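K.L.:
using only what follows, build the 3D model:
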Amino acid sequence: MIGDLLADPSLSIEAEPDAGWVAGSGDLATTAATVKVTQADGEEAGPVSTPLSHQTVWQPADGGLWQIRSHVLVRCQRNWDLTIRDLAAA
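P.N.:
The predicted structure follows:
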């Protein structure tokens, strides 16, 4: 499955970092990003883009390094122009 994805000539991954922060105590940090994955879709005429939202929570580890404590990747609405007002009207 991963091999098929990596072999896809239309594969494109774009990531735009969002704000991150470190707790004042220094024992927790978070990073976030908006990601768009474009790949071939056997049911569509061409490549399809999927918007994703990404967040990682970090904790300090030995030796001054940080380790991932939690990692979440969520698929967003395909309609990028959908707003809260649109949802309320539905």
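
K.L.:
okay, CA-based contacts and neighbour counts for the rest of this
P.N.:
Will do.

K.L.:
quick one: contacts for D18?
P.N.:
Going by C-alpha atoms under 8 Å, 6 or more residues apart in numbering, D18 touches T31, A32, A33, T34.

K.L.:
burial count for the closest residue to A40 other than its chain neighbours?
P.N.:
Nearest in space to A40, with sequence neighbours left out and distances taken as C-alpha to C-alpha, 6 or more residues apart in numbering, is P47 at 4.3 Å. Each residue near P47 was counted by other C-alpha atoms under 10 Å, and the total is 17.

K.L.:
not counting sequence-adjacent ones, nearest residue to L5?
P.N.:
L11 (7.2 Å).

K.L.:
whoops, I68 was the one
P.N.:
Excluding its sequence neighbours, the residue lying closest to I68 (C-alpha to C-alpha, 6+ apart) is W58, at 4.6 Å.

K.L.:
for the residue nearest to A40, what are phi and psi?
P.N.:
When quoted as degrees, to the nearest 10, the phi and psi of P47 stand at phi -60, psi 150.
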